[in-house]
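In: sequence unknown, structure follows:
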């Protein structure tokens, strides 16, 4: 950590004014809290956590659809492990509960496992709940193309992939926004490169620095971003050149282009974001679980706007009665430690809000590494949620 200390000293020497930065990657949030990077910052430099956890921002409407499918006897519903515990819009309802009640819900570590499952179970309908940023979307795209090549009629996709730059733009457009610079997600940059971030930096006049995940990489990104702010420079900088290239990964980007189209999409905690997600192209609509099972429309519909974490606090759903502040946390307007239920009624074992579910969620990271400090506060007032 000596290199981190040296970078922190450089940061103190560089900063002359107060600045507020946001990291938009849940993995970076986890590392920042784990290593106490935010506690090494000089006075006046504030780091807030953005909606960087794809599990956390998956809308309740999608979880409701996944639960409905998992209850059907002919369906095998597959997804990544964290998705099983994300609450939908009904109190206490999640995929883990559906499985406990007899639904066939299975955990996968790779989308291609769904392909093998569909081939082994030709008389069942296999549905893959596909979530994640641009980082995991290429693997879903590969699954779609292989299913097409094999002509698998019993495999479909419930797609909820989201795009990071539009969410960053939405945060900057919010009234009262305080973000003056971004640490961008290095894993997304490894796929998409830097080009998509250039209009964001230009149109909003902010520095955006592509940053890694190790303590020294995060501190180097912070130093680069502060230096740009002090110089009055807006633009995109790459402080993670060992992984991120200007053009990203052309092969992965080609997969995305071939399989998906850009759509307006709701994010949990932020509402509908223009161009904020991906949907299957029309020629692959036969793979769309919403079409195959005649599910309620999702992207760009009024129903999609009514997400329980789309405001400053939940208005319905499992965390509603506790006046959950998950929406404010996902927007970067509050810290998990601000929540009265944090570490009490809301824990990773019994989450009230989505940011407490995934290990990359801000609430889960704070609970793991800072819960002792939160629990040292006065007795919790009624309400709150992770």
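Out: All right, it came through fine. All values reported here derive from a predicted model rather than from experimental measurement.
In: Domain map for this structure?
Out: In the domain annotation for the chain, the residue ranges read 1-305, 320-375 (automatic domain parsing).
In: How far does the first one sit from its chain's centre?
Out: Domain 1-305 has its C-alpha centroid displaced from the chain centroid by 4 Å (CA atoms, centre = their mean, to the nearest Å).
In: Point out where the stretch 201-350 of the chain drops to low pLDDT.
Out: 297-323 (pLDDT under 70).
In: what about the helices in it?
Out: 215-231, 250-259, 289-292, 302-305, 326-330 (DSSP state H, counting those that start in this stretch).
In: Repeat that for the stretch 1-150 of the chain.
Out: So, for the stretch 1-150 of the chain - with DSSP H, counting those that start in this stretch - the helices run 2-14, 26-35, 54-57, 60-70, 95-100, 112-120, 137-150.
In: deepest of the helices of the stretch 201-350 of the chain, which one?
Out: Mean neighbours per residue, mean count of other CB atoms under 10 Å, is largest over the helices of the stretch 201-350 of the chain for helix 326-330, with a mean of 28. Quick note: C-beta positions are derived from backbone N, CA and C, even for glycine.
In: How much space separates residue 150 from residue 166?
Out: 33 Å (CB to CB, to the nearest Å).
In: For the protein, list the residue farthest from the centre, please.
Out: residue 123 (34.0 Å; CA atoms, centre = their mean).
In: How about that residue: what's its closest non-neighbour residue?
Out: Distances taken as CB to CB, 6 or more residues apart in numbering place residue 154 nearest to residue 123, at 7.7 Å, with adjacent residues excluded.
In: And for residue 43, the neighbour number?
Out: Using other CB atoms under 10 Å, residue 43 is surrounded by 8 other residues.
In: okay, the domains of the chain, which one's buried deepest?
Out: Most buried among the domains of the chain, counting by mean count of other CB under 10 Å: domain 320-375, with a mean of 23.
In: gap between it and the chain center?
Out: Using CA atoms, centre = their mean, the offset of domain 320-375 from its chain centre is 15 Å.
In: got the contact list for residue 225?
Out: Counting by CB atoms under 8 Å, 6 or more residues apart in numbering, residue 225 touches 21, 181-183, 207, 209, 237.
In: Could you report the distance from residue 367 to residue 85?
Out: 14 Å.
In: Next: residue 208.
Out: From residue 208 to residue 85 the distance is 32 Å (CB to CB).
In: before we move on, what about residue 334?
Out: 22 Å.
In: Check what pLDDT the residue farthest from the centre of the chain gets.
Out: pLDDT, residue 123: 96.
In: And residue 175, by the same measure?
Out: For residue 175, pLDDT reads 88.
In: May I ask you to name the longest strand in this structure?
Out: Ranked by number of residues, the top strand in the chain under DSSP state E is strand 271-280.
In: Who are the packing partners of that one?
Out: strand 155-161, helix 164-173, strand 260-267, helix 302-305 (3 or more CB pairs under 8 Å, 6 or more residues apart in numbering; DSSP states H and E).
In: pLDDT (mean, whole number) over stretch 99-110?
Out: When pLDDT is averaged over stretch 99-110, the result is 96.
In: Contacts for that stretch next, please.
Out: Contacts for stretch 99-110 (CB under 8 Å, 6+ apart): 67, 70-71, 75-81, 84, 95-96, 98, 114, 117, 124, 128, 139.
In: tell me how far the ends of it are from each other?
Out: For stretch 99-110, the first-to-last residue distance is 20 Å (CA to CA, to the nearest Å).
In: Please report the distance of the residue nearest to residue 123 from residue 105.
Out: On the measure of CB to CB, residue 154 and residue 105 end up 17 Å apart.
In: same question, residue 261
Out: 28 Å.
In: ok, now residue 241?
Out: 41 Å.
In: Same question for residue 273.
Out: To residue 105, residue 273 is 28 Å away according to CB to CB.
In: and if you look at residue 187?
Out: Distance from residue 187 to residue 105, by CB to CB: 27 Å.
In: Same question for residue 354.
Out: From residue 354 to residue 105 the distance is 18 Å (CB to CB).
In: Likewise for residue 264?
Out: From residue 264 to residue 105 the distance is 29 Å (CB to CB).
In: Could you look up the SS state of residue 352?
Out: coil (DSSP: H, G, I helix; E, B strand; the rest coil).
In: didn't it look like it was pressed against residue 345?
Out: Yes: between residue 352 and residue 345 there is a contact under CB atoms under 8 Å: 6.4 Å.
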